[in-house]
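Asks: Kindly return the folded structure for what I paste below:
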Amino acid sequence: MTSPESPDASEASLKQVYDRTRMSLIDRLADWEDQKTWDEFYQTYWRLIYSVSLKAGLGRDEAMDAVQETVFSIAKQWRAGQQYDPARGSFKTWLMNMTRWRIADQFRKKQRNPAANFQSGGSRGADGDFRDTATIERLEDEDGDVLERLWDLEWKSNLTRVALDRVKLKISPKQFQIFDAYVMKGWETDRVKNDLGVSLAQVYLAKHRVGGLLRKEIEALTDKFD
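Replies: The predicted structure is shown next:
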């Protein structure tokens, strides 16, 4: 039996796929003047799109294809003058719908490729056609839009993760370690002081400073492409 992949190994594997997909996307946008903008867009939202694609039922490679195709299709629309229009709804919902269509494209590919469908866990129906166990059509239930609920759950955590990565570049490793222990992990102040060898003043300073920077980064990310 194959042992489960450790969190570190899984993250390293995901990082390799991320880098490969990012470079492929950059190649496709090589002649575009706003290539840097779309690289930043990709780095900001790729994990959100990837995570939702996985939970929608795609495999890892399919989810990464959905990421690349989502960003590329948005870039093409932007270049053609078909930008996101705030008057028609929130950016969050707009990006969700763009992602939904690319996920649906991947499911259609699976239907046309029985071998891939079989490998990803599909089953064959009475008529001989493969039935995937988690198709995009099953993301609707009596309680409403399942994909929308997935998106809502992942949206905030994704922005927080990206914002934290940016904040790390602006503060000392020690200050982030204090903030992570006290705020993110919920340690008591005595444990933070004893385990990290810091004063109570340093704990509260890290909470205030890093928390303020984090809020600003989240606001900036929220407004960036609106």
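Asks: burial measure for N158, as a count.
Replies: 21 (other Cβ atoms under 10 Å). Every C-beta, even on glycine, is put in place using the N, C-alpha and C of the backbone.
Asks: Now it: phi and psi?
Replies: Here is the backbone geometry of N158 (degrees, to the nearest 10): phi -70, psi -50.
Asks: The closest residue to it other than its chain neighbours sits in which helix or strand?
Replies: Counting by Cβ to Cβ, 6 or more residues apart in numbering, L48 is the residue found nearest to N158 once chain neighbours are left out, at 3.9 Å. Remark: L48 resides in helix 35-56, with elements defined by DSSP states H and E.
Asks: And that helix, what does it pack against?
Replies: Counting contacts by 3 or more Cβ pairs under 8 Å, 6 or more residues apart in numbering; DSSP states H and E, helix 35-56 packs against helix 7-28, helix 60-79, helix 91-112, helix 146-168, helix 200-224.
Asks: and these as CSV, adding distance to R191 and mean pLDDT?
Replies: As requested, the helices and strands packed on helix 35-56 are exported to CSV (distance: least, Cβ to Cβ, whole Å; pLDDT from 0 to 100):
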stretch, distance to R191, mean pLDDT
helix 7-28, 23, 57
helix 60-79, 37, 88
helix 91-112, 37, 89
helix 146-168, 21, 90
helix 200-224, 10, 91
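Asks: Comparing those, which stretch has the densest surroundings?
Replies: Mean neighbour count (mean count of other Cβ atoms under 10 Å) peaks for helix 60-79 among the helices and strands packed on helix 35-56, with a mean of 19.
Asks: Per the annotation, how does this structure divide into domains?
Replies: Following automatic domain parsing, one finds the domains of the chain at 7-151, 170-224.
Asks: what about Q177, which SS state?
Replies: In the three-state summary, Q177 is assigned as helix, counting by DSSP: H, G, I helix; E, B strand; the rest coil.
Asks: TSV for the helices and strands packed on helix 35-56, including distance to D39?
Replies: Below are those laid out as TSV (distance: least, Cβ to Cβ, whole Å):
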stretch	distance to D39
helix 7-28	6
helix 60-79	9
helix 91-112	17
helix 146-168	14
helix 200-224	13
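Asks: These: which one's closest to F179?
Replies: Nearest to F179 among those is helix 200-224 (4.0 Å), distances taken as Cβ to Cβ.
Asks: Show me what that closest one is in contact with.
Replies: Here helix 200-224 makes contact (Cβ atoms under 8 Å, 6 or more residues apart in numbering) with 40, 44, 159-160, 162-164, 166-167, 170-171, 175-176, 178-179, 182-183, 189, 192-193.
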